[in-house]
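Engineer: take a look and give me a structure for this.
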Amino acid sequence: QVQLVESGGGLVQPGGSLKLSCKMSGRDFSQYMMGWFRQAPGKEREFVAAITYISALTKYGDSVKGRFTISRDNHKKTLYLQMNSLNPTDTAVYYCAAPVQTYGSIHTSPQSYYYWGQGTQVTVSS
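Structural biologist: Numbers count the residues shown, from 1 in each chain. Next up is the predicted model:
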């Protein structure tokens, strides 16, 4: 049984930075493409970033390109999202996710992911 646990969310002022973490247990983390999504109140879940299992490829949503960086440490079984230049429109619950299949290519649709964390709240406000 895969478990994903996010951490690192919080309240930050506009222009600030946060780094989210997501730790996987129950499977070999190094075999999975991983993604970050976010969902603001009243909005659909939005693709943020994804990374292949050996960090060879990354992909970002248009709204975060140049500001967010996804990375992973396979030894620590942990996925990261470094978020810089945050603005109020980045306020949302952030989720990490993994698909059912291993060694997969990058997917941007939430429907392509099966395992989800509980989410961590990020609030950008002065």
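Engineer: contacts only, for the residue nearest the centre of the chain.
Structural biologist: In the chain, the centroid-proximal residue (CA atoms, centre = their mean) is residue 36; its distance is 2.2 Å. If a contact means CB atoms under 8 Å, 6 or more residues apart in numbering, then residue 36 has 20, 22, 48-50, 70, 79, 81, 94-97 as its contacts. No exception for glycine: its C-beta is placed from N, CA and C like everyone else's.
Engineer: that one and residue 98, how far apart?
Structural biologist: Residue 36 is 11 Å from residue 98, where distance means CB to CB, to the nearest Å.
Engineer: can you give me the strands in this protein?
Structural biologist: Remark: strands assigned in the chain by DSSP state E are 3-7, 10-12, 18-25, 34-39, 46-51, 58-60, 68-73, 78-83, 92-98, 115-116, 120-124.
Engineer: so which bits of the third one are buried?
Structural biologist: Put plainly, it is strand 18-25. Buried residues in strand 18-25, counting neighbours by 16 or more other CB atoms under 10 Å, are found at 18, 20-24.
Engineer: now the last one
Structural biologist: Neighbour counts over strand 120-124 (16+ other CB under 10 Å) mark 120, 122, 124 as buried.
Engineer: how about the residues you listed in TSV, adding pLDDT and distance to residue 12?
Structural biologist: Output for these, formatted as TSV (pLDDT from 0 to 100; distance: CB to CB, whole Å):
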residue	pLDDT	distance to residue 12
120	98	12
122	98	7
124	98	6
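Engineer: residue 85: which of the residues you listed is nearest?
Structural biologist: residue 124 (10.1 Å; CB to CB).
Engineer: grab the nearest non-local neighbour of residue 7.
Structural biologist: The shortest distance from residue 7 to any non-neighbouring residue, by CB to CB, 6 or more residues apart in numbering, is to residue 21 (5.1 Å).
Engineer: wait, what's in contact with that neighbour?
Structural biologist: Applying CB under 8 Å, 6+ apart, the residues contacting residue 21 are 6-8, 78-80.
Engineer: show me what it is bridged to.
Structural biologist: Beta-bridge pairing for residue 21 (DSSP bridges): residue 7, residue 80.
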